[in-house]
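K.L.:
coordinates only, no sequence provided:
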């Protein structure tokens, strides 16, 4: 039997990344030290998963134009499949990323072809038993919301739905948010996202509250930056330590963690073991510039085999 696939339904964008000495004041200006374009958004998770050996599929929409071409090239280079046909006469949108010397990021995002999904386009990914279908909280806002929610509701219980809440989930209409949480098998987000959803602070406390919002037997994973992550299965919680490093760019670190986590789970690892490899991947990622710099399986192996 083939290993489960990692299928992402969310927005593949182009990240326009500018390194700035400081964020400009309102109405002001700063001079950027560098400017680069990368395929980002859902692409980052898919590249990370593919580099850790998963069969990865993008079920979202990609436009026709230079941005869409960049997304397609990045995915093709790692063997990631695109299940839906290109969106005609509309290009993929851009996320402008301002990176400060501390590696903190600030975002401004446009909307383009990546928002033009339908039930039919999502269905081209044809999820089967054990496949891990990723959903972003950002997809639950705007015109992607209704087709995605309807399609999710029709998936069989053997399909594993993975929710990456992002900062957007708390803005989602309550009835939609609750319906998606009720279909979620795996919740994976950072500590701030967990706190915001749970209404309590502390990763253990927030994880307990979030877990109660999900379907029975769901897994809750809360990332705590370089310190590591908490993995909660049922009533059992384990903290998986991280690997603090001096960061140069944190853009894509959480997505890299998610991609490797799901690839390792698809390969059969227990969640805590998959999270340990994901923590290593995140530590490597923050030492590299660009959201598309997730490590390979061999690089993670070498990192975990090296002395601390």
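P.N.:
Looks like it came in fine. All figures in this text were calculated on a predicted structure; none of them were measured in a lab. Numbers count the residues shown, from 1 in each chain.
K.L.:
can we go C-alpha only for contacts and neighbour counts from here?
P.N.:
Will do.
K.L.:
was I right about residue 163 contacting residue 187?
P.N.:
Yes - Residue 163 sits in contact with residue 187 when judged by CA atoms under 8 Å, with a separation of 4.9 Å.
K.L.:
and residue 28, what does it touch?
P.N.:
By CA atoms under 8 Å, 6 or more residues apart in numbering, no residues touch residue 28.
K.L.:
ok, back up a step: who has more neighbours out of residue 163 and residue 187?
P.N.:
residue 187 (25 against 22; other CA atoms under 10 Å).
K.L.:
which element is that one on?
P.N.:
Under DSSP states H and E, the secondary-structure element containing residue 187 is strand 186-190.
K.L.:
quick one, helices of the stretch 1-150 of the chain?
P.N.:
Here the stretch 1-150 of the chain has its helices, by DSSP state H, counting those that start in this stretch, at 42-51, 66-77, 119-123, 145-154.
K.L.:
compare these and give me the one nearest residue 193.
P.N.:
Shortest distance between residue 193 and the helices of the stretch 1-150 of the chain, using CA to CA, is found for helix 42-51: 17.9 Å.
K.L.:
tell me, how many residues neighbour the residue nearest to residue 137 when sequence neighbours are not counted?
P.N.:
Setting aside the residues directly before and after it, residue 137 is nearest to residue 165 in space (CA to CA, 6 or more residues apart in numbering), at 4.3 Å. Residues within reach of residue 165, counting by other CA under 10 Å, total 23.
K.L.:
please apply the same query to residue 300.
P.N.:
Residues within reach of residue 300, counting by other CA under 10 Å, total 22.
K.L.:
just to revisit the earlier point, make a markdown table out of the helices of the stretch 1-150 of the chain and add mean pLDDT, mean neighbour count and distance to residue 27.
P.N.:
Compiled in a markdown table, the helices of the stretch 1-150 of the chain are given as follows (pLDDT from 0 to 100; neighbours: other CA atoms under 10 Å; distance: least, CA to CA, whole Å):
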| stretch | mean pLDDT | mean neighbour count | distance to residue 27 |
| --- | --- | --- | --- |
| helix 42-51 | 98 | 30 | 32 |
| helix 66-77 | 97 | 18 | 28 |
| helix 119-123 | 98 | 16 | 41 |
| helix 145-154 | 97 | 16 | 34 |
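K.L.:
just send these back as CSV, with distance to residue 102 too.
P.N.:
CSV is the format used below for the helices of the stretch 1-150 of the chain (distance: least, CA to CA, whole Å):
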stretch, distance to residue 102
helix 42-51, 21
helix 66-77, 27
helix 119-123, 38
helix 145-154, 34
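K.L.:
packing partners of the strand holding residue 187?
P.N.:
Where contact means 3 or more CA pairs under 8 Å, 6 or more residues apart in numbering; DSSP states H and E, strand 186-190 is packed against strand 160-164, strand 219-223, helix 253-266.
K.L.:
in space, what's closest to residue 141 - neighbours in sequence excluded?
P.N.:
In space, and not counting its chain neighbours, residue 141 is closest to residue 172: 6.4 Å by CA to CA, 6+ apart.
K.L.:
whoops, residue 275 was the one
P.N.:
Counting by CA to CA, 6+ apart, the residue nearest residue 275 is residue 261, at 5.5 Å.
K.L.:
how close does the one you found get to residue 277?
P.N.:
Applying CA to CA, to the nearest Å, one obtains 7 Å for the distance of residue 261 from residue 277.
K.L.:
same check on residue 179?
P.N.:
Taking CA to CA as the measure, residue 179 and residue 277 are separated by 31 Å.
K.L.:
neighbour-wise, which of these two wins?
P.N.:
In terms of neighbours (other CA under 10 Å), residue 277 is the more surrounded of residue 179 and residue 277; the figures are 23 against 14.
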